[in-house]
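Can you look at this prediction? I've put the sequence above it.
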Amino acid sequence: MNVQVLADPAGRLIWASPALPGARLDAGAAAEPGIGKALGAAGVTAFADSAYHGAGPTIRAPHRRLRRDPNTHLFTRRELSAGQRAANQAHSAVRAPGERANAQLKTWRVLRKIRSSPSAASILVNAVQTMILNS
């Protein structure tokens, strides 16, 4: 299952999506509940990992090395420039609180060992989110 989460700048879990069945790419899983559109309408910028490239104009993802070099059109990985590496490092620092919120959600054994339908998993995720917010 795939659950998308949003955290505030302090690293507190503020929203969890309904559980989506099966293996989903993160950008597609974010698009299904309309996260990018909702963030854009609210004027909020989110910082995500490189799996979210193309997920929306308000979702910032780090630079990644290209699989195909645009100059030679060969399928090689090119190195990032010093500026891109510095931008990725700053991006990583901004993303760290969100990663902590995600890790806090994953520490709950009931979510790691779940063997039910996605609708039941959504109820469990919401219950764990409520417990985290009230602790």
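That came through fine. Numbers count the residues shown, from 1 in each chain.

Could you use CA atoms for every contact and neighbour count after this?
Noted.

Packing partners of the biggest helix by length in the chain?
Longest helix in the chain by number of residues, with DSSP state H as the criterion: helix 82-106. Under the contact criterion of 3 or more Cα pairs under 8 Å, 6 or more residues apart in numbering; DSSP states H and E, helix 82-106 touches strand 5-7, strand 13-16, strand 46-47.

Tell me the buried residues in the longest one?
Residues of strand 13-16 classed as buried by neighbour count (16 or more other Cα atoms under 10 Å): 13, 16.

List the single closest residue to the spatially most central residue of the chain in space, sequence neighbours excluded.
Closest residue to the average C-alpha location of the chain: Ala48 at 5.0 Å, with Cα atoms, centre = their mean. Computed as Cα to Cα, 6 or more residues apart in numbering, the closest residue to Ala48 that is not its neighbour in sequence is Ala61, at 5.2 Å.

about what we covered before: can you check the pLDDT for the residue nearest to the centre of the chain?
Note for Ala48: predicted pLDDT of 91.

ok, now which ones touch it?
59-62, 95 (Cα atoms under 8 Å, 6 or more residues apart in numbering).
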